[in-house]
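In: Pasted the sequence and its predicted model underneath.
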Amino acid sequence: MAAHLDQKNLRIRKAQQGDAARLAELSDQLGYPATKKEMAKRLSLVLRGKKGACFVAVQHESGRVIGWIHVSTTPLLEVAPRAEIHGLVVDENVRSQGAGRLLLEAAERWARKSGAKSMSVRSNVIRERAHGFYEKNAYEHYKTQKAFRKHLR
């Protein structure tokens, strides 16, 4: 059963290294399992970088992190400076209650300050609920593509 989320009891802040364990738990809910150690290493790289940011949604009273968003900018030749959302997850017990929107707004503010002219996000074709969320927040579906990956050893 979903818990009620009081948005007045919610704040958005930059992620901190101490958030790694909770970020790993939430990443698992998104379908990307990671150990606390793996997440701590990844988060450390993101926090040290100058071209990206990670924000968390935190409940004031409990101090519990209930969501995170990772965004970065990359200089591109083909388009004006753009920011991309690499991950966004809100605890499954409090989804669709506004935390995702607040995280998205924080990422967009950061992107503007970083000189980005637009935002992009890739969302798996099976995540219809996420597609609706982005469309509700003024993102338009502008193309469909295949993704390719190669593991480097």
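Out: Yes, it's here.

In: roughly how far apart are residue 23 and residue 60?
Out: Residue 23 is 19 Å from residue 60, where distance means CB to CB, to the nearest Å. Any C-beta I mention is one placed from the backbone N, CA and C, and that applies to glycine too.

In: Which of the two has more residues huddled nearby?
Out: Comparing residue 23 with residue 60 by other CB atoms under 10 Å, the one with more neighbours is residue 23, at 25 against 11.

In: And the pLDDT at that one?
Out: The model reports residue 23 with a pLDDT of 97.

In: can you check residue 5 too?
Out: 64.

In: How far off centre is the helix or strand of the chain with the lowest mean pLDDT?
Out: Between all helices and strands in the chain, the lowest mean by mean pLDDT, DSSP states H and E belongs to helix 128-136, at a mean of 91. Taking CA atoms, centre = their mean, to the nearest Å, one finds the center of helix 128-136 at 14 Å from the center of the full chain.

In: With stretch 62-73 instead?
Out: Centroid separation for stretch 62-73 versus its chain: 6 Å, with CA atoms, centre = their mean.

In: again, but for stretch 121-140
Out: Using CA atoms, centre = their mean, the offset of stretch 121-140 from its chain centre is 13 Å.

In: Check stretch 25-32 too.
Out: 12 Å.

In: Now do the buried residues in it.
Out: Buried residues in stretch 25-32, counted by 16 or more other CB atoms under 10 Å: 25-27, 30.
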